[in-house]
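Enquirer: Pasted the sequence and its predicted model underneath.
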Amino acid sequence: MSEDTLFAKIIHGELPADIVFQDELVTAFRDINPVAPTHVLIVPNAAIPTVDDVQPEHELALGRLFSAARQIARDEGIAESGYRLIINCRDHGGQEVFHLHMHLLGGKPLGRMHNPPPPTALV
Ligand code: AMP
């Protein structure tokens, strides 16, 4: 399934992307629709659809997501000011691309941790 995702194609060089980091375990590229001055997606090269599909053999690659985030934050000049890492999972988590990915956001104050959904009418 995930070999056909947009992100698998970017990893394999079949789709263009602004790649900022790549090694044998992870690939990082700029989000096409950034919501902060720095918005980079860091993805495992292995096809893992969601966090809920993680297996013990993925632990090395998942650890590398954090090491890559730390390095990219330094490269982007946002390590000192701080940044946010987000991984969305499935529908209620807001996941749109089913190839596990970590958002690295920074370059401005990011405010509260999340935007709550609008209140529903009480009936
Ligand atoms: P999520 O909602 O966590 O699944 O995030 C998916 C992200 O992928 C969104 O922030 C999109 O803007 C981003 N995105 C979708 N297609 C591309 C692409 N071709 N290159 C870079 N980022 C993309």
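Expert: That came through fine. Worth saying up front: this structure is predicted, and the values here are computed from it rather than measured.
Enquirer: number of nearby residues for His92?
Expert: 8 (other C-beta atoms under 10 Å). Backbone N, C-alpha and C define where each C-beta goes, glycine included.
Enquirer: tell me which element it is part of?
Expert: For His92, the host element (DSSP states H and E) is helix 90-93.
Enquirer: And whichever strand in the chain runs longest, what's buried?
Expert: If you go by DSSP state E, the chain has its longest strand at strand 38-44. Buried residues in strand 38-44, counted by 16 or more other C-beta atoms under 10 Å: Thr38, His39, Val40, Leu41, Ile42, Val43, Pro44.
Enquirer: Keep only those that also lie close to the ligand.
Expert: When contact is defined as C-beta under 6 Å from any ligand atom, the buried residues of strand 38-44 meet the ligand at Leu41.
Enquirer: Look up the closest residue to the spatially most central residue of the chain, ignoring the ones flanking it.
Expert: Nearest to the geometric centre of the chain sits Met102, at 2.2 Å (C-alpha atoms, centre = their mean). Of all residues not flanking Met102 in the chain, Ile42 sits nearest, at 4.5 Å (C-beta to C-beta, 6 or more residues apart in numbering).
Enquirer: what's across from that neighbour in the sheet?
Expert: Ala28, Met102 (DSSP bridges).
Enquirer: Is the helix holding His92 in proximity to the ligand?
Expert: No - Helix 90-93 lies apart from the ligand when judged by C-beta under 6 Å from any ligand atom; the minimum separation is 7.7 Å.
Enquirer: I appreciate the help and will end here.
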